[in-house]
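**Student:** Just the structure for this:
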Amino acid sequence: MAKAPKVGETILLRLDVEGQGWGERMRQQMRQWAAAGMSRNDILDALERELRPGGRLFESMMKGFKNVTGEAVDYVAVEEVHDNWKGSDEWMWIAVDDNSTCEDCTDRDGEVRAWAEWEGMGLPGMGTTVCGWRCRCSLEPNDLVSGMPSGAYPGVQ
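**Tutor:** Coordinates of the predicted model:
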């Protein structure tokens with residue numbers, strides 16, 4: 001089985017996809033303006049307004065990149081914890097216990113596996129569960145979780 005890409009590689013891919021999507025939205029907007037009869041100069045003026053703070057295209061771009069960079073911080077933190085962990089290689093899937101938790105995450109909640117197994121299945125938030133990139137779950141070292149008082153982690157007894 002091929003090794004899953006490291007978190008940093010996945011983030012770069014997500015940034016690339018986000019950038020391509022944003023570029024396509026901008027091209028689509030320009031085509032709409034042209035179809036509505038706007039001149040080239042009017043389109044350039046409209047783009048200049050839209051790409052300033054408060055403009056729809058600017059806000060869309062910033063929101064997309066903000067989401068990916070926020071995810072990047074989370075993923076890098078998870079990878080750092082894993083890379084520097086000195087305990088056993090058992091990691092527990094911890095799901096957020098609310099009505100927004102997807103079926104995949106609910107099913108995985110409390111499961112313990114080696115890191116490589118989780119990488120093969122897909123780490124939380126890496127797009128491999130029903131909730132996709134919006135996953136709020138985490139992997140925690142089982143050594144730590146099993147030492148927590150009952151109820152400290154929802155779903156873990």
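**Student:** now the spatially most central residue of the chain, nearest residue through space, not along the chain?
**Tutor:** The centroid of the chain falls nearest to residue 133 when counting by Cα atoms, centre = their mean (3.9 Å). In this structure, residue 133 finds its nearest non-sequential neighbour in residue 127, 5.2 Å apart by Cβ to Cβ, 6 or more residues apart in numbering. Using the backbone N, CA and C atoms, a C-beta is placed for each residue, glycine as well.
**Student:** Check residue 61 too.
**Tutor:** Counting by Cβ to Cβ, 6+ apart, residue 61 lies nearest to residue 22, which is 4.9 Å off, once chain neighbours are set aside.
**Student:** so what secondary structure elements neighbour the helix or strand hosting the one you found?
**Tutor:** Using DSSP states H and E, the element containing residue 22 is helix 7-35. If contacts are counted by 3 or more Cβ pairs under 8 Å, 6 or more residues apart in numbering; DSSP states H and E, helix 7-35 sits against helix 40-50, helix 56-84.
**Student:** could you say what helices and strands the first one packs with?
**Tutor:** Yep, that's helix 40-50 we're talking about. Using 3+ Cβ pairs under 8 Å, 6+ apart, helix 40-50 sits against helix 7-35, helix 56-84.
**Student:** and whatever helix or strand comes next after the last one, which strands flank it?
**Tutor:** Remark: after helix 56-84, the chain's next helix or strand is strand 91-94, criterion DSSP H and E. Here the strand partners of strand 91-94, with direction, are listed using DSSP bridges: strand 112-113 (antiparallel), strand 138-141 (antiparallel).
**Student:** Give me the phi and psi for residue 122.
**Tutor:** The phi/psi pair for residue 122 (degrees, to the nearest 10) reads phi 120, psi 120.
**Student:** number of nearby residues for it?
**Tutor:** 15 (other Cβ atoms under 10 Å).
**Student:** got it, and the one 5 residues further on?
**Tutor:** The number of residues packed around residue 127, counting by other Cβ under 10 Å, is 14.
**Student:** host element of it?
**Tutor:** Per DSSP H and E, there is no helix or strand for residue 127.
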